[in-house]
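Participant: Predicted model follows, preceded by the sequence.
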Amino acid sequence: MLNFRSLQGHATLTEREDALRELTSALLSGKSDEAKQKAYAALAKGNNERDVLDTIVEAVNIISDLQGLSQYGQAKSTSLESAINAGLLPLEPWLLKSECKFGVRVTVGPVGLTSGALLGLALSASLRSIGFRATNLKKTQTALDLLRNSEELGSDLVIPILPDDEQLRSFADAYERGGFRNKFEVIPVASKLSQNVGVNLNSARNPEEAISKATQWALRKKTAKSKV
């Protein structure tokens, strides 16, 4: 039986790049079966899992920008989400191996954000790839829903994806009033974050910054535990 990895040495750089471009095209078109096939093909051409994940994340960023401009209806959004999920499937064995590094359980969820489901998919996969046991709660929900669901899942860290300062303040209020501060850490992502938002949370302006802050927090937590 031919292993797709056996083909890696025969693909040129151009062929590997073409495979990633074809994956991007399938993702942006919302074609689930093709997205999965193109993800496998990209791996077969010699791209590693990180290359494929980065391509998926970039596609999500493009889609989210367009959704912000109201370019997509509900049916198209659903097909795009299915395509992103399909593109991630070939990476699942790698993600399962990667997610145990920190021993930290994370929940990711959108609050008040139209394109939050896709952003949650990309962010949770990225977190898994660097060592977090991340769960994406997918659909837009209230701050209290996200906090309660995270508590039920036994989360150590919660990363809400929020649209602006107003939603961040509302989330911070639910976090404090609900007595969740002693249960888990929170690193909100709010793309339209002002300088003086006035909340006592370690907020991030984009998913990349949230990943960096989450990693720093996990490393501090791991170091502190090792000293006990």
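Facilitator: Thanks, I have it.

Participant: Would you tell me what helix or strand residue 106 is located in?
Facilitator: strand 105-110 (DSSP states H and E).

Participant: Mind listing residues that contact the longest strand along the chain?
Facilitator: When the chain is parsed with DSSP state E, its longest strand is strand 157-164. Residues outside strand 157-164 that contact it (C-beta atoms under 8 Å, 6 or more residues apart in numbering): 104-113, 116, 119-120, 123, 127, 132, 143, 146-147, 150, 168, 171, 184-193, 207, 210, 214, 217-218. Any C-beta I mention is one placed from the backbone N, CA and C, and that applies to glycine too.

Participant: now with 7 Å?
Facilitator: Around strand 157-164, the neighbours that count as contacts under C-beta atoms under 7 Å, 6 or more residues apart in numbering are 104, 106-113, 116, 119-120, 123, 143, 146-147, 150, 168, 171, 184-190, 192, 210, 214, 217.

Participant: which of these are buried?
Facilitator: Neighbour-count burial (16 or more other C-beta atoms under 10 Å) applied to the contacts of strand 157-164 gives 104, 106-113, 116, 119-120, 123, 143, 146-147, 150, 168, 171, 184-190, 210, 214, 217.

Participant: List the ones among these that fall in strands.
Facilitator: 106, 107, 108, 109, 110, 185, 186, 189, 190.

Participant: Now for the closest residue to the fourth one other than its chain neighbours, how many residues are close by?
Facilitator: If I follow you right, that is residue 109. Leaving aside its sequence neighbours, residue 109 sits nearest to residue 137 (C-beta to C-beta, 6 or more residues apart in numbering; 3.7 Å). When neighbours are counted by other C-beta atoms under 10 Å, residue 137 registers 22.
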